[in-house]
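In: What follows is a predicted protein model with its sequence.
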Amino acid sequence: MNLTELLEATARRWPQKLAIVEDGVVLSYGGLAQQVCELAQQIGSLNTGASSRIGLAFPNGIAYVALTFALWRLNVVVVPVPSDCPEEEIAEIGVAMQLSGMLTPKPRGASVAVAPDCYFTKLNPSKPPDNHGLNLAFIRFTSGTTSARKGVALSHETIRDRILSANKAFRITADDTVIWCLPMAHHFLITVVLYIEVGATIVLARHVTAKPFLEAVNRWKGTVLYAAPFHFSMWARDYSAVQIPSVRLAISTTCALPQDVANDFFKRFNLVLAQGLGVIELGLVALNTPAPGGRWNSVGRGAGDFQVRVVNPDAEGCGELAVRGPGIFDAYVAPWVSREEVLCDGWFYTGDIGRIDEDGFLFLLSRKTAVINLAGRKVFPEEIEAVINRYPAVGESRVYGQLHPHLGETVEAEVVLSSPDAKLDTIHAFCREHLASYKIPTRFTIVAALPRTPVTGKIRRAAPVA
Amino acid sequence: MIDPLEIETKLLDFLKREVFASAVVVTPETDLIASGFDSMSLVRVLLFIEQSYGFWIPEGEITVDALQNVRSLAATAARILNAR
């Protein structure tokens, strides 16, 4: 199957229904399907070839959605490239994911115009990508350590299966209007594609600050909000008296929901904020709706057809969480590792530590890995350390998460200098050249030595510092 | 009392250096949102203010008016800081 069939079915059923609203531009499902056809024709004339992989470096917008479906129509694998990536990271994605080209809203080097505000740059992968016979639709590039598996590949069928499972929990229908504010480069499948499959309307919020966001909710009678705790905290603490009576479902995702945000949001809007747990390898694992009293901090029970269990629980019932369900990813891309090689008897080991209460509600406690969560963006310490360590006057470094009351965690670094003349300012400037802005540590500290584990001598990865 | 102009200068420098691409021209009057100032840019600016001045701008103060440009953002920060 091909995911464009989902859009085409919705467009046949409700050609006049609003699909996407962006800055006053209103596009029906019929219009969106038409735009996808035209873009597919334009891109198709470039002869990129089926099964090739193309990077999509676009900000949120109608174009992002239309281009994704146009590429799918051509059986091209879509690789989102976050628009705040520095050139060095874009180049890394291109090489690691063997991209044959990149679509951008502005011209780049030898790019050719495909449509207004849409340019194609041809890239030449060292060898053509091998999709191992899978009907791949999507690869999410994940950086992380140099030894880590890069890229999570999903087939058209996998995405369809996870959407169907997720919507058993979300229960979104054609009557819903979603007011959208998360970056599509990071959130797209069990959200935007799902909304299109059911024929809901997607309104792209112009900005996340309370006033324009709440205005958009009321103007378009939004029924569903899907955002990070950082956003909900801004809206909950808005000083105006504006209410949002049309909203029936508000889901907090990307990182743990602080209890005060959930409480303030409830007090301000009389709406229970539900936490969801989405994982790129899996889809929607759990959703806490309806959130029963006293369980604000749970991510809920297994969503749709997902099952969650605690592996080797300790005396308090805590342990690593393993998950199984429909729509589990097809493979890691570089190096290629298939789903079958990753799963243990059908279970995916998440690396998250948690517990499940007597009624099946799941509570996340910590991550086994050292990934830092800055307002919902994942930051991999090893990736930042690799950059810092390249600076000539740095001997070694350790990057860690510092707990922050409003953002989850912030990124901080300890460095051991190999030359006493080195200045932190210049290390900071070096990071600016090589890292996306949000990955740059907000604080650098010079230390004499880094803490190491006694047996292996590896740098000790501590839990986030309070 | 802190002078809003002092915050404005620091903020402008920070935004040019760390938030906007070098091709984007940023002055104290530049419309931030129209220039691509997004959710993550906001996080960076709030953290920068917290680190430089030791306080977190309350969420209720993060309004469209405050985020209009560097000048309005600096004025908001100065007002909160001076009222403490």
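Out: Structure's in. What do you need?
In: give me the low-pLDDT residue ranges for the stretch 351-466 of chain A?
Out: Applying pLDDT under 70 to the stretch 351-466 of chain A flags the ranges A:367-369, A:454-456, A:462-466.
In: For it, which segments are assigned as helices?
Out: Taking DSSP state H, counting those that start in this stretch to define them, one finds helices in the stretch 351-466 of chain A at A:381-390, A:424-434.
In: Any chance you could list what contacts the longest one?
Out: Contacts of helix A:424-434 with the rest of the structure, by Cβ atoms under 8 Å, 6 or more residues apart in numbering or on different chains, involve A:86, A:88, A:384, A:387-388, A:390-391, A:393-394, A:415, A:439-441, A:444, A:446, B:17-18. Bear in mind the C-beta positions are built from the backbone N, C-alpha and C, glycine included.
In: how many other residues sit next to the residue in the stretch 151-300 of chain A positioned nearest to chain B?
Out: Relative to chain B, the nearest point of the stretch 151-300 of chain A is A:Arg237 (3.6 Å; Cβ to the nearest Cβ). Using other Cβ atoms under 10 Å in any protein chain shown, A:Arg237 is surrounded by 18 other residues.
In: wait, it sits on B:Ile57?
Out: No. The pair A:Arg237 / B:Ile57 is not scored as a contact, 10.8 Å apart, by Cβ atoms under 8 Å.
In: What residues does the stretch 1-150 of chain A have near chain B?
Out: Proximity of the stretch 1-150 of chain A to chain B (Cβ under 8 Å from any Cβ of the partner chain) is limited to residues A:Pro59, A:Asp84.
In: show me the contacts for the residue in chain B that chain A sits nearest to.
Out: Nearest to chain A, among the residues of chain B, is B:Glu59, at 3.6 Å (Cβ to the nearest Cβ). Shown in contact with B:Glu59 (Cβ under 8 Å, 6+ apart): A:Ala210, A:Ser233, A:Met234, A:Ala236, A:Arg237, A:Asp238, A:His406.
In: what do you get for A:Phe444?
Out: Neighbouring residues of A:Phe444 by Cβ under 8 Å, 6+ apart: A:Glu412, A:Ala413, A:Glu414, A:Val415, A:Leu424, A:Ile427, A:His428.
In: Over to A:Tyr438?
Out: A:Tyr438 neighbours (Cβ under 8 Å, 6+ apart): A:Asp84, A:Leu374, A:Arg377, A:Val379, A:Val411, B:Met40, B:Val43, B:Arg44.
In: Leaving out chain neighbours, which residue sits closest to the third one?
Out: Pointing back at A:Arg377 there. Residue nearest to A:Arg377 in three dimensions, not counting chain neighbours: A:Tyr438, with 5.5 Å by Cβ to Cβ, 6 or more residues apart in numbering or on different chains.
In: Check the gap between A:Glu87 and A:Glu396 for me.
Out: Per Cβ to Cβ, to the nearest Å, A:Glu87 is found 26 Å from A:Glu396.
In: Turn the helices of the stretch 351-466 of chain A into a markdown table, including mean neighbour count.
Out: A markdown table is the format used below for those (neighbours: other Cβ atoms under 10 Å in any protein chain shown):
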| stretch | mean neighbour count |
| --- | --- |
| helix A:381-390 | 19 |
| helix A:424-434 | 15 |
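In: which SSE is B:Ser72 in?
Out: Using DSSP states H and E, the element containing B:Ser72 is helix B:70-83.
In: can you give me the offset of that helix from its chain's centre?
Out: From the chain centre to the centre of helix B:70-83 is a distance of 9 Å (Cα atoms, centre = their mean, to the nearest Å).
In: again, but for stretch A:36-55
Out: 24 Å.
In: Same check on stretch A:244-255?
Out: 17 Å.
In: quick one: that stretch near chain B?
Out: No. For a cut-off given as Cβ under 8 Å from any Cβ, stretch A:244-255 has no contacts with chain B; the smallest distance is 10.9 Å.
In: For the residue of the stretch 151-300 of chain A closest to chain B, give its distance to A:Leu182.
Out: Note on A:Arg237: its distance to A:Leu182, by Cβ to Cβ, is 20 Å.
In: same check, this time on A:Ala393
Out: The value you get for A:Ala393 to A:Leu182, if Cβ to Cβ is used, is 39 Å.
In: quick one: A:Tyr29 and A:Glu8 touch, right?
Out: No. Using Cβ under 8 Å, A:Tyr29 is not in contact with A:Glu8; the gap is 9.3 Å.
In: List the buried residues in stretch B:31-46.
Out: Residues of stretch B:31-46 classed as buried by neighbour count (16 or more other Cβ atoms under 10 Å in any protein chain shown): B:32-33, B:35, B:37-46.
In: Let's have those residues in CSV, adding distance to A:Ala200 and secondary structure.
Out: Output for the buried residues of stretch B:31-46, formatted as CSV (distance: Cβ to Cβ, whole Å; DSSP: H, G, I helix; E, B strand; the rest coil):
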residue, distance to A:Ala200, secondary structure
B:Leu32, 31, coil
B:Ile33, 26, helix
B:Ser35, 31, helix
B:Phe37, 28, coil
B:Asp38, 24, coil
B:Ser39, 22, helix
B:Met40, 26, helix
B:Ser41, 29, helix
B:Leu42, 27, helix
B:Val43, 28, helix
B:Arg44, 32, helix
B:Val45, 33, helix
B:Leu46, 32, helix
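In: now, the most widely separated pair of those residues?
Out: The most widely separated members of the buried residues of stretch B:31-46, counting by Cβ to Cβ, are B:Ser35 and B:Leu46 (17.7 Å).
In: residue of the stretch 1-150 of chain A with the smallest distance to chain B?
Out: A:Asp84 (6.6 Å).
In: What parts of chain B come near chain A?
Out: Residues of chain B lying close to chain A (Cβ under 8 Å from any Cβ) are B:17-19, B:33, B:36, B:38-44, B:46-48, B:51, B:56, B:58-60, B:62-64, B:67.
In: Let me see the contact set for the most centrally placed residue in chain B.
Out: With distances taken as Cα atoms, centre = their mean, the residue of chain B nearest its centroid is B:Leu73 (4.4 Å). With contact set as Cβ under 8 Å, 6+ apart, B:Leu73 has these partners: B:Leu11, B:Leu32, B:Val45, B:Ala66, B:Leu67.
In: and which of these is nearest to B:Arg84?
Out: Comparing the contacts of B:Leu73 against B:Arg84 with Cβ to Cβ places B:Ala66 closest, at 16.9 Å.
In: What values do phi and psi take at that closest one?
Out: phi -70, psi -30 (degrees, to the nearest 10).
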